[in-house]
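> Here is my input; please provide its structure:
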Amino acid sequence: MANKQQNIRRQVQTHAGKTLTQKQNNKLPDYLVDDLRAAVSIYETEDQPGMIQMNYVRGILWNFGFWRLTSKDFEKELISHSIDTKRTYLDWNELLEIVTKRYYSGGREQEIKDTFKIFDRRDRGSTSVADIKSALQSKLEVPVTENEVNEMFEMAGLDPSNPITLTDFMNM
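Predicted coordinates:
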């Protein structure tokens, strides 16, 4: 019986980065949870699955919209989640909670605005199919055609012949 419990505990620990409470899963979009899982899997250790060394946490958070986070802000963020700043590890659920809170307290909107700036390089408040095509071609290793960008506009319910505003982009 003890071996069975240890085996179950080990399985739960092994999948710690993949287990979510129902409440958390409903809050953060699946693609972000998957990205966060992938980031955690890079830094978690075999002897402590689902646990990330604190010196790697800030780097992970950087990739999830916390790029303006100073060391002092990082400490405040941990304290706001009742996490001792002297700890050496953070677990999956704590990291997920931090990212989820940020996502719904303006992080999502900021990410969209920052993405829009990539397409609106002249800061006009709008962008076009040509601007998006140019930006994508400069960022991607594969060629992007104007037809593909037109299809993206149409899939979003927008007329590709009209400029797209930040509001349109956020609604997409």
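> show me where pLDDT drops low in the protein?
Along the chain, the model assigns pLDDT under 70 to residues 1-26, 67, 106-108.
> Counting neighbours, what do you get for the closest residue to residue 36 other than its chain neighbours?
On the basis of C-beta to C-beta, 6 or more residues apart in numbering, the spatially nearest residue to residue 36 that is not a chain neighbour turns out to be residue 99, at 6.0 Å. Every residue, glycine included, has its C-beta placed from N, CA and C. Look at residue 99: counted by other C-beta atoms under 10 Å, it has 24 neighbours.
> Contacts only, for residue 99.
With contact taken as C-beta atoms under 8 Å, 6 or more residues apart in numbering, residue 99 is in contact with 28, 32, 36, 61, 64-65.
> what's the farthest-apart pair in those residues?
Maximum pairwise distance among the contacts of residue 99 (C-beta to C-beta): 13.8 Å, between 28 and 61.
> Write the PyMOL selection for whichever of the contacts of residue 99 are buried.
Only the buried members of the contacts of residue 99 enter the following PyMOL selection, criterion being 16 or more other C-beta atoms under 10 Å:
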select buried, resi 28+32+36+61+64+65
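> Need the residues that contact stretch 115-135.
With C-beta under 8 Å, 6+ apart as the contact definition, stretch 115-135 has outside contacts at 139, 144-146, 149-150, 152-153, 160, 163-166, 169-170.
> Oops, could you answer that again for stretch 83-90 instead?
Contacts to stretch 83-90, defined as C-beta under 8 Å, 6+ apart, come from residues 48, 51-54, 57, 75, 78-79, 94.
> quick revisit: how close does the residue nearest to residue 36 get to residue 92?
Between residue 99 and residue 92 the distance is 11 Å, computed by C-beta to C-beta, to the nearest Å.
> Please, which helix or strand holds the residue minimising distance to the centre of the chain?
Central residue of the chain (C-alpha atoms, centre = their mean): residue 64, 4.0 Å from the mean position. Residue 64 is part of no helix or strand when elements are defined by DSSP states H and E.
> Surely it is in contact with residue 33?
No - counting by C-beta atoms under 8 Å, residue 64 stays clear of residue 33, with 10.9 Å between them.
> what's the one helix or strand residue 32 maps to packed up against?
Using DSSP H and E, residue 32 sits within helix 30-43. Applying 3 or more C-beta pairs under 8 Å, 6 or more residues apart in numbering; DSSP states H and E, one finds that helix 30-43 contacts strand 51-53, helix 54-62, helix 92-102.
> so can I have CSV of the ones you listed showing distance to residue 109?
Converted to CSV, the helices and strands packed on helix 30-43 look like this (distance: least, C-beta to C-beta, whole Å):
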stretch, distance to residue 109
strand 51-53, 26
helix 54-62, 17
helix 92-102, 11
